[in-house]
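K.L.:
sequence first, predicted model second:
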Amino acid sequence: MNNTRREFLKSAGIGAAVIAAGTGTGSLFLGSASAASVSLGLVGTDGYITLPGRPEPQDVYIFGFKRLPQNRLNSPVGDIVRDYKTTAEHVAPILDFREGDDITIALTNAGLSIRPDLVDSHTIHWHGFRTPLAVFDGVPEVSIAVPELREFDYFYRPHDPGTYMYHCHFEDVEHVQMGMTGIVFVRPRNHPTWAYNDSSTAFDREFPILLNEIWTTVHDNDENIQESIHTDYDPDYFTLNGRVYPQTVLPTGHGSLPNQPVSSLIQCRPGEKVLLRLANLGYQQHAMQLPGIDLKVVGEDATLLKSPGGDDLSYVTTTLYLGPGEARDVIFTAPAYSAAREGGSDGHGAYNRWWFRNRSANKLVNGNVPNELGGMVTEVRVYQNSIPDQTSAGVTV
Amino acid sequence: MSARTHRRRAARVTLVATALAVITGLLLGGLASARQTYEAPLVGHAAKRHAKKHHPKHRRARAAAVTIDLCAKAGTTTMPDGASIPIWGFVRKVAGSCGPAEIPGPALEVDKGDPVSITVENQLPDELALDIPGILLDAGPTDVQPGGTREITFTSNAPGTYLYESSGGAGRQAEVGLAGALVVKPLTPGRAYDDASTAYDKQAYMVMSEIVPALNAAAANTCGTGSCLGSFNFYDYDSDPNVSRFQPAYRLFNGKAYPQIPSISAAPGDKVLLRYVNAGSEQATTTMLGVDGRLVGRSGSLLSAPFDFVAQTFPAGSAADAIVTVPASAASGSRFPIYDRHLGLVNGSSASGLGGQIRFIEVP
Amino acid sequence: MRLAVACLALLGALVGVGPAAAADPAGLVCSDGPTFNLTARAGGMETPDGNTNLMWSYSTTAGHFQTPGPVLCVDAGDTVTVHLRNELPEATSIVFPGQTGVSATGGTSGLFTKEAAPGGDITYTFTANTPGTYVYESGTDPAKQVEMGLASALVVRPPGHADWAYADSSTAFNGEFLVLLNEIDPELHSAVENGQPYDISTLHNRYYTINGRSFPDTLQDNGVPWLENQPYGSLVHIKPYDATLNKRPALVRVLNVGLANHPFHPHGESLQFIAQDGRQIKARTTGNDAVTEHFGETVPSGSTQDFLLSFRDQDSFAPGNPVPVTFPSYRDMTFKDNNTWYSGSPYLGTVGKLPSPTVSQNVCGAFFFPWHSHALNEFANYDVAFGGMATLLRVDPLTGCGTPGLQTYTGSPASVTRTSPTPVATVSNGQQGLAALGGTRTDVTSNTSGTTRRVEWYATFTGVPAAGVNLKVAYSGYNRLTGFLSGLPWGGCTQTVRIWNWTTSAWVNLNTQTVQRTQVDIADLLPAGPDTKYIGTGGNGGEVRVGVACTRTFSSSFLSATFVSSGDLMQITYDAP
């Protein structure tokens, strides 16, 4: 079994995909009739991210997940701890799975080097998963948590395509705020470029985007061995995939953001159908808009918007309203390129720029940095010329 | 709707638009007055509206150009507790001049398929950025430099209620008042959408917004060559790192707080179309007593599963169309309150009594 | 605890006290109408961190103060009459969002409805038109009075179908639960208590409640005496879907009477959203149910949402159909605060071993899932996390809790279970060569002399690794009379299951109980460590001996009696090194 799953992953080009877990486009987009076994490893630990406007060294202490390279899956726990402690990323690695596969996620708790006094466990809570066994729900009070220097195998067999989230549920009021949050999604087995098992949800490109807030007070308190009062919650940074604008439009794995590898730049060609896989793991409700482009919501909470009687319940809207813990699958058709529209040019040539942004003025800021557009904003770039196909969801081309 | 469709339609009617622009402008000028209320918005073409009264089933054969001239300017508004709040607002330009800034901006109504031209003259110190979420503007710049003007054009085939705004200053310009409602009417009068299920007897705007006094004060102050709006800090780590300075003191329907909000007059059995537009940054939630609403569409999109509601959240920047049917048995003098269910029902503080977003549908 | 509550409930039904006291331990508690006598008054609510907040609430006029107010249950078409007495220091009222044609008798005119003056009365009357879940709340200075707690639920049922949510068979339910969301700013409540100015613009919530309690109080049964002002629990207690045994979903009525929207997140299974504010959601063109499923749903302030819930495992995972991963030994697990709702087994209806000194709240292999606000700042009691707006979903095995035959699951990944020992009779009379008895049972007959008769035997497992750990013993058997008394009922014998300690050369008793003609399954017997002393060395290397002894003293008139210890299963389980 081990050989089989390793070969599957190798053939899926997983070795190269630092960001997106599971599968690259190579084999995935072909679909497959047979279920496979997929194994991957996550490490729970601490680390730092960078946000504009922070006092030097501009670092924000986080807890987070880090994906293990596939060739380290069978490493002894001690070696993993030695090599991956304090390498946390925010957001957590995107997990890209396929309906019906047998999925094992090995979670190793590598501990916290900045706060060795905190002997916190970690868990994986696949938020929204229709959980047949409570033990894999990742809630320490009702199942198992993973103590420091231990490893635990979570098992899932997802049956329902769509966009979900995952996060640590150990002292989650703190651990979620501290950064242990990510997107996981499930592709239809035979139609990996459909959002659901329905042809109306076919797409050309896809962009997982996790909405979040950062209340730096908690991060600083954790770093400085202070308690926080969580009912005082009042975040000062508003992130997409763990970055704030203008970080959000930097490419995947940009050197200035070593622990925030996931870009939110939405790159597409005119006429292409673009799937936004949106989820909110902040503590506030958010209203997101893409003025000028109609947004068609085809799924909510990993459920196709179709009634049991077959009625199409999808809807077109200007405003995507996501409460905490909610997910939306949204498809738009990229408009035609026009030189008369606002835009710019990058390595792929000229593009029109459309703003995908939070509608609330107080969420378009970066802490107390004045005179700067920040926060929950990214760009849709509709290129004049052809651009490469996506290799993996969440990886810029 | 595709971008291609929009452009083709706009192109087809360009000549007509040019020809009618002068006439339309005159008609608008004739109707407009400084005392115009938000419930009686100007339509693009007054004569057309008049004709419909006599032929309610009449469907127009072709689109007519609509020209709208606006100014964006600074002003003040007075809250029920006496506070004078600096605002930025849109106001119609009538006979070449603009009256005081209004919050929200004047309600703009156009017909489905109309080629629409909106020209904005910027009398503010900051650059504006115009947008109408849900409507694809014709290609071209949308910024308006201080002292300059900008024309934006579009043709919408999607009836419904929309928000128009200047989203400049990282969204702060809309927050201090540069936002209003825009309605695209279907070909059949008396409906919110083309679908017969959206027929109504009367309509009312429910434009929601809030006022953060410190932010509005920043808009009125000068920083360098522009206002201090852009350099307003939502966080002042030196004073209290735990508290955002986004602290609304007033919450408004159509720019007014209770008890200054006029009631909606409706007869027993009337279907009242409430055109909700949330121009603010908060997620607004209203509830109602004695009636319930049917949410039929959002921003130009008819719902496939319209639903009835009593309490409903209207996210920041969204627009929605809801139909409330006044009970046929309602006696004269009956009042049906619609109010902010987050219960921020004060103007400034509880010390000045009940305030905020409270409005009545009233049977005369 | 469950027994005690059952007695309380019975007593409540007999003496006809308030509806809360007569309630089932979990689930929605109705005050039945259509005529209600309510009093608005002040009282305290307690939070799990030891604070008490002054609340204003509606109570039945004859009953105890309670928060939230009683859940008013009526049938559609009923003429509902609510008499309100005001014992608050200011005028108050009730409004019924979602109801039409509410008329008021008495009182004085207020902004939204007629009001009762302090000490005064008022009566509201309306016809409940449409089945569904509704809010009722104060219509007087709501920014103060609703925040102070004057709000609760009105349930309108379809006539003739008390087990349908709506007049629609697709909404038939089995089990009905209330989830009423609210929040409290203790400073504002303190201001009211102390006669200081109340300013809603200073609102800063610290406590978040479901049905008037904060987690973990939410899990306590309805009507527990130590939460006398907060009678409503919110444990959602169901069984899994089964096409024949449990076809109907549970109904979850969610109301948000708070001032903030609350994003509610059910773990374990998505909820089917069927109605908002008492109105089913239907497709416009076909009229079909427009049901959607959600794992997160933001409940707008003042709104209600009805959900159906069926818990399903389409993979039917079970000990016989396990997931393809191994579980760590319980000795490698830790549980927060040494307390858990985990059963020790991943599979529904089975239990497993937990590390000492962990205490499990799980008696029958149920699944527990938290349901909570995903605005995680609300998942706290002031400054203490894992509190606030949360409760648990409890999924019992389909056969129920407390049924016999509870299976034990052994979680250790390398555990070995042995069931084929070699039996040896140590005390018997006339029955040698146990293997010869064969069959599926091991029968050993007692001695036949004296008034006290005894059977002793043991069986040897061989080849147990010297470092085997986590030794567990199980034995299933019964004891019967033989000879001409066979088949007769008797008092049984005192049976001891024991294990041989090679270090002390003595038996160590693991379980002693009287066992008669009916087989008793004794599982999960855990010898005191270290386990190595039970594993033989030298000439007895790798041997583990498990013994059974049973003793009975007969009266002199029964001296002809002999009996048989009849073993069906003897088993040891251990972790391979």
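P.N.:
That came through fine.
K.L.:
how far off centre is the helix or strand encompassing residue A:38?
P.N.:
Under the criterion of DSSP states H and E, residue A:38 resides in strand A:37-50. Distance of strand A:37-50 from the chain centroid (C-alpha atoms, centre = their mean, to the nearest Å) equals 12 Å.
K.L.:
for burial, what's the neighbour tally of residue C:197?
P.N.:
Residues near residue C:197, counting by other C-beta atoms under 10 Å in any protein chain shown, number 10. Using the backbone N, CA and C atoms, a C-beta is placed for each residue, glycine as well.
K.L.:
what sits against it?
P.N.:
By C-beta atoms under 8 Å, 6 or more residues apart in numbering or on different chains, the contact set of residue C:197 is B:350, B:351, C:191.
K.L.:
of the residues you listed, buried ones?
P.N.:
The neighbour-count criterion (16 or more other C-beta atoms under 10 Å in any protein chain shown) marks B:350, C:191 among the contacts of residue C:197 as buried.
K.L.:
wait, which of the contacts of residue C:197 is closest to chain A?
P.N.:
residue C:191 (17.9 Å; C-beta to the nearest C-beta).
K.L.:
just give the closest residue to that closest one, not the sequence neighbours.
P.N.:
Spatial nearest neighbour of residue C:191, excluding adjacent residues (C-beta to C-beta, 6 or more residues apart in numbering or on different chains): residue C:198 at 5.1 Å.
K.L.:
chain B versus the residue located most distally from the centre of chain A, what's the distance?
P.N.:
Going by C-alpha atoms, centre = their mean, the residue of chain A most distant from its centre is residue A:340, 33.9 Å out. Distance, residue A:340 to chain B, by C-beta to the nearest C-beta, to the nearest Å: 4 Å.
K.L.:
tell me the pLDDT at that residue?
P.N.:
If you check residue A:340, the pLDDT there is 95.
K.L.:
ok, it - contacts?
P.N.:
Counted by C-beta under 8 Å, 6+ apart, residue A:340 has contacts B:139, B:140, B:141.
K.L.:
neighbours of the first one, how many?
P.N.:
Just to be clear, that refers to residue B:139. Quick note: residue B:139 (other C-beta under 10 Å) scores 19 neighbours.
K.L.:
need phi/psi at it.
P.N.:
As for residue B:139, its main-chain torsions (degrees, to the nearest 10) stand at phi -60, psi 140.
K.L.:
any idea how far it is from residue A:335?
P.N.:
Distance, residue B:139 to residue A:335, by C-beta to C-beta, to the nearest Å: 9 Å.
K.L.:
same question, residue B:272
P.N.:
Counting by C-beta to C-beta, the gap from residue B:272 to residue A:335 is 36 Å.
K.L.:
how about residue A:145?
P.N.:
48 Å.
K.L.:
for the closest residue to residue A:366 other than its chain neighbours, what are its contacts?
P.N.:
Using C-beta to C-beta, 6+ apart and skipping the chain neighbours, the partner closest in space to residue A:366 is residue A:374 (3.3 Å). Residue A:374 sits next to A:52, A:53, A:237, A:238, A:244, A:245, A:246, A:364, A:365, A:366, B:170 when contact means C-beta under 8 Å, 6+ apart.
K.L.:
with neighbour count added, can I get those residues in CSV?
P.N.:
CSV is the format used below for the contacts of residue A:374 (neighbours: other C-beta atoms under 10 Å in any protein chain shown):
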residue, neighbour count
A:52, 16
A:53, 19
A:237, 28
A:238, 25
A:244, 31
A:245, 26
A:246, 15
A:364, 26
A:365, 29
A:366, 24
B:170, 24
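K.L.:
least confident pick among those residues?
P.N.:
Pick the lowest pLDDT in the contacts of residue A:374 and you get residue A:53, at 89.
K.L.:
which helix or strand contains that one?
P.N.:
Going by DSSP H and E, residue A:53 is not in any helix or strand.
K.L.:
let me see the contact set for residue 315.
P.N.:
Since no chain was named, I'll use chain A. A:296, A:297, A:305, B:298, B:301, B:303, B:304.
K.L.:
sorry, should have said chain C
P.N.:
A:132, A:157, C:321.
K.L.:
nearest to residue B:192, of those residues?
P.N.:
residue A:132 (45.0 Å; C-beta to C-beta).
K.L.:
remind me which residues of the chain are low pLDDT?
P.N.:
No chain in the question, so chain A it is. A:1-33, A:56-58 (pLDDT under 70).
K.L.:
wait, I meant chain C there
P.N.:
C:1-23, C:331, C:403-440, C:467-469, C:557, C:559, C:575-577.
K.L.:
how about the residues of the stretch 151-300 of chain A by chain B?
P.N.:
A:216-217, A:232, A:234, A:236, A:285, A:287, A:289-294 (C-beta under 8 Å from any C-beta of the partner chain).
K.L.:
with only the CA atoms kept, save the longest strand seen in chain B in PDB.
P.N.:
Determined from DSSP state E, the single longest strand within chain B is strand B:66-78. What follows is strand B:66-78, C-alpha atoms only, in PDB (Å, rounded to 0.1, in the frame of the first residue of the first chain):
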ATOM      1  CA  VAL B  66     -30.300  58.800 -20.000                       C
ATOM      2  CA  THR B  67     -27.900  61.500 -18.900                       C
ATOM      3  CA  ILE B  68     -27.200  62.100 -15.300                       C
ATOM      4  CA  ASP B  69     -25.100  64.900 -14.000                       C
ATOM      5  CA  LEU B  70     -23.700  64.800 -10.500                       C
ATOM      6  CA  CYS B  71     -21.400  66.800  -8.300                       C
ATOM      7  CA  ALA B  72     -19.300  65.300  -5.500                       C
ATOM      8  CA  LYS B  73     -18.800  67.800  -2.800                       C
ATOM      9  CA  ALA B  74     -18.400  68.400   0.800                       C
ATOM     10  CA  GLY B  75     -21.200  69.400   3.200                       C
ATOM     11  CA  THR B  76     -22.600  68.900   6.500                       C
ATOM     12  CA  THR B  77     -25.600  67.000   8.000                       C
ATOM     13  CA  THR B  78     -27.100  67.500  11.400                       C
END
